[in-house]
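K.L.:
no letters, just coordinates:
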């Protein structure tokens with residue numbers, strides 16, 4: 001589970017390492033261009049019901065902390081999905097990765113839910 005620290009807030013935002021790695025690419029690209037936007041997510045099941053949004057601005061400090069010391073392999077498709085939402089009037093909405101099973105893979109009889117909000 002990774003952590004995003006934004007601005008002077010001591011409140012960490014916990015996000016799955018893989019999701020955070022993808023989000024980091026999009027955030028860094030947009031902030032490097034001097035663009036401001038929002039990032040929104042649904043609260044995880046263990047927190048009060050709801051959703052949160054933060055306003056991202058190039059002058060506000062941001063720090064990404066990953067639990068896994070090795071960088072994750074990135075999905076171009078997921079980065080493009082996040083970047084496309086970043087360019088919308090609603091800003092980035094952190095969504096689950098679209099994972100297509102390999103053609104020879106059998107369907108999982110007990111699928112797992114992907115929680116990108118941490």
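P.N.:
Perfect, I can see it now. Given the structure is predicted, the values throughout are model-derived calculations rather than measurements.
K.L.:
could you pull out the buried residues of stretch 32-40?
P.N.:
Buried residues in stretch 32-40, defined by neighbour count with 16 or more other CB atoms under 10 Å: 37, 39. (C-beta placed from N, C-alpha, C; glycine too.)
K.L.:
compute the first-to-last residue distance for that stretch.
P.N.:
20 Å (CA to CA, to the nearest Å).
K.L.:
any weak-confidence spans in the protein?
P.N.:
Within the chain, the ranges that satisfy pLDDT under 70 run 10, 98-118.
K.L.:
now with 80, please.
P.N.:
Counting by pLDDT under 80, the low-confidence segments of the chain come to 8-11, 44-47, 95-118.
K.L.:
may I ask you to name the longest helix in it?
P.N.:
helix 17-32 (DSSP state H).
K.L.:
helices and strands around that helix, which ones?
P.N.:
In terms of contacts (3 or more CB pairs under 8 Å, 6 or more residues apart in numbering; DSSP states H and E), helix 17-32 is packed against strand 2-6, strand 37-42, strand 51-56, strand 62-65, helix 76-86, strand 92-93.
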